[in-house]
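Visitor: Sequence first, predicted model second:
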Amino acid sequence: MQKVLVTGASVGIGRETAVLFAKQGAQVVINYNSSEAEAGETLRMVEAAGGKGYLAKADVSDDSAASALIHEAVRLMDGLNVLVNNAGITRFIPFDDLDAVTSDDWDILYKTNVESIFFCCREAAKVMPEGSCIINLASISGILPRGSSIPYSVSKAAIIHLTKCLANVFSPKIRVNSVSPGVIQNTRWNAGNANFNLEKYQSGTNAIPMKRLGNPSDIASAILYLASDQASYITGVNLPVEGGMSVK
Ligand code: NDP
């Protein structure tokens, strides 16, 4: 049975991933940081989908909190064999407005998006059995120099490289891969972006060859594939799930 920890599962892609694992009969630990009520809703959805769910509050950008979260997940599920490092944040700053980027922007994005994954993976590798896997959420922004801000884009590029480093270190015991979403609707993400123009993406844009925005379920499906036996010979890869944006 899959024993899954999804970080940042209170809303969005993390929630969808938790629910899709639950539909396959998995046990799922739903990590959140500040959105307790939303995490409770994810738990209800996981249970309605037939899975066994648990809530675990932790700020994964904090080394000791991330380590404690891994051990809490092991305690709750009596093991851990899938870790999905999904928690992430951004700051919306136009790429050409360099003066608007502060040291704090660099620090918080690097800590939350990159260091959190390192901390969780380091501890998880000590307790995960042979055949386990880790999936990290990167972004199309880590492949192409665009997205919500330069610090975000760079943090996501770092995740792609961190994934390769850890895949190398953890092989053959644990597979480590990343997924890079394109523009995903129906998450809390773009609510923080005053300039986000949904219509621009929905109508006539040629930036997305598939001519539609992504949904959290598109990303969750890719994560479940990488966690499955069908992907048992895949490690160290970054899988773009972005309707073809990176080939445009
Ligand atoms: P949302 O903003 O909808 O959700 C983010 C989640 O991360 C929340 O559950 C939040 O929990 C959690 N989180 C943030 N900081 C922390 C922290 N320090 N500790 C624990 N949890 C934390 O994001 P999405 O679902 O849209 O995105 C999920 C992932 O996918 C992110 O890594 C993002 O970078 C990536 N992505 C998203 C894209 C999109 O278009 N939506 C595109 C490309 C990549 P809480 O509220 O409880 O703090």
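Guide: Received, thanks.
Visitor: Quickly note the distance from Q27 to S103.
Guide: Relative to S103, Q27 is positioned 41 Å away (Cβ to Cβ, to the nearest Å). Placement of C-beta: from N, CA and C, glycine included.
Visitor: which one of the two has more residues nearby?
Guide: When Q27 and S103 are compared for neighbours, Q27 comes out ahead with 24 against 8, by other Cβ atoms under 10 Å.
Visitor: Name whatever forms a beta bridge with I174.
Guide: Beta-bridge pairing of I174, defined through DSSP bridges, involves S132.
Visitor: For it, give me its contacts.
Guide: Each residue near I174 by Cβ atoms under 8 Å, 6 or more residues apart in numbering is listed here: 125, 128, 130, 132-134.
Visitor: One more pass at 7 Å, please.
Guide: Shown in contact with I174 (Cβ atoms under 7 Å, 6 or more residues apart in numbering): 125, 128, 132-134.
Visitor: where does the protein dip in pLDDT?
Guide: Low-confidence segments of the chain, defined by pLDDT under 70, are located at 192, 194-206.
Visitor: Tell me which residue is most central in it.
Guide: For the chain, the residue lying nearest the average C-alpha position, counting by Cα atoms, centre = their mean, turns out to be N86 (2.1 Å).
Visitor: Surely it is in contact with L137?
Guide: Yes. Using Cβ atoms under 7 Å, N86 and L137 qualify as a contacting pair, with a distance of 4.7 Å.
Visitor: which neighbours do the two share?
Guide: If you check N86 and L137 against Cβ under 7 Å, 6+ apart, the residues they both contact are I13.
Visitor: The nearest residue to K164 once chain neighbours are set aside: what secondary structure?
Guide: Spatial nearest neighbour of K164, excluding adjacent residues (Cβ to Cβ, 6 or more residues apart in numbering): G236 at 4.8 Å. When the structure is split into helix, strand and coil by DSSP: H, G, I helix; E, B strand; the rest coil, G236 lands in coil.
Visitor: Make sure S180 is indeed in a strand.
Guide: Yes. Counting by three-state DSSP, S180 is part of a strand.
Visitor: wait, it sits on A138?
Guide: Yes. With contacts counted by Cβ under 7 Å, S180 reaches A138, the gap being 4.5 Å.
Visitor: which of the two has more neighbours?
Guide: Here S180 and A138 are compared on neighbour count by other Cβ under 10 Å; more neighbours surround A138, at 29 against 26.
Visitor: Isn't N81 up against V127?
Guide: No. If you go by Cβ under 7 Å, N81 and V127 don't touch, sitting 9.8 Å apart.
Visitor: more crowded one of the two?
Guide: Regarding N81 and V127, a neighbour count based on other Cβ under 10 Å identifies N81 as having more, with 23 against 14.
Visitor: re the thing from before, any idea how far the residue nearest to K164 lies from F119?
Guide: On the measure of Cβ to Cβ, G236 and F119 end up 20 Å apart.
Visitor: What about D104, how many residues nearby?
Guide: 10.
Visitor: Might you report the residue contacts of it?
Guide: D104 sits next to no residue when contact means Cβ under 7 Å, 6+ apart.
Visitor: Just say helix, strand or coil for Q230.
Guide: When the structure is reduced to helix, strand and coil (three-state DSSP), Q230 reads as helix.
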